[in-house]
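Visitor: my questions are about this predicted structure, shown below with the sequence.
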Amino acid sequence: MALDRQRIVTEAITLLDADGLDGVTLRKLAARLGVQQPTLYWHLPNKAALITALADEILAREFGEPPPPDPDQPWPAWLTAFAERLRRALLAHPDGARVLSSAQLSRKMAELSELAMSTLVAHGISLHRARVIVLTVERFTVGHVLEEQAPRPDEAALKDFDLPTFTRQHPTVVAAITEYFAPGRTVDDLFRDCLDVVVAGATARTETD
């Protein structure tokens, strides 16, 4: 099979899913493709270009060619659905948020930002406000997923952790976590509730401008 950029990126996604971002190296990728490492440089000149290609592919697999928004749908509902899809795209791959936040000039992310900002502008939001709202929602989403995908505390970190003492020192934090994650409530609910605060704030600010 001929080696082309898409084949390289597809294999890199497979490597990402197996080993995480730290395991995606040009050396390992070349070995999986059965070529010498310099051969990859014809298509992707360096690791930064590879990461950006990974980000574009991760987003493209979720969004494809996004259809134009329904003009009758309120923009806060559209933006909420957009953020949920962005989170879903990043969670579909280990370190997806790290990949996107490390990418340089992701064309797919620029395409999605263009769609989001133009949607808000079409709903009467000023260009300045639309940019601020979209960037806030995008960065909140990426940051939230970065935390979701961060390594959990290992045995060494937990070795001297005393839960009763922690609870006495931080009673409201522990009570809030316990109350929030009642039976039936998930991390998906937490993302949506936090996102609702962000979007509601943007909506209220827009209405007072």
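Guide: Nice, thanks for sending it over.

Visitor: show residues contacting the helix or strand harbouring D17.
Guide: Using DSSP states H and E, D17 sits within helix 5-19. Contact with helix 5-19 is made by 1, 23-24, 28-29, 32-33, 40, 43-44, 50, 53-54, 56-58, 93-95, 99, as judged by Cβ atoms under 8 Å, 6 or more residues apart in numbering. In short, each C-beta sits where N, CA and C put it, glycine included.

Visitor: repeat for stretch 91-106
Guide: 13, 16-17, 20-22, 48-49, 51-52, 54-56, 58-59, 61-62, 89-90, 109, 142-143, 145-146, 148-149.

Visitor: now it, how far from the centre of its chain.
Guide: The chain centroid and the centroid of stretch 91-106 are separated by 6 Å under Cα atoms, centre = their mean, to the nearest Å.

Visitor: what is the burial count for A48?
Guide: A48 has 13 neighbours, counted by other Cβ atoms under 10 Å.

Visitor: how about T206?
Guide: Counted with other Cβ under 10 Å, the neighbours of T206 add up to 18.

Visitor: give me the element it is part of.
Guide: helix 187-208.

Visitor: output the contacting helices and strands for that helix.
Guide: Secondary-structure packing of helix 187-208 (3 or more Cβ pairs under 8 Å, 6 or more residues apart in numbering; DSSP states H and E): helix 75-91, helix 127-149.

Visitor: adding distance to A156 and mean neighbour count, write those out as TSV.
Guide: Shown next, in TSV, are these (distance: least, Cβ to Cβ, whole Å; neighbours: other Cβ atoms under 10 Å):
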stretch	distance to A156	mean neighbour count
helix 75-91	27	19
helix 127-149	20	17
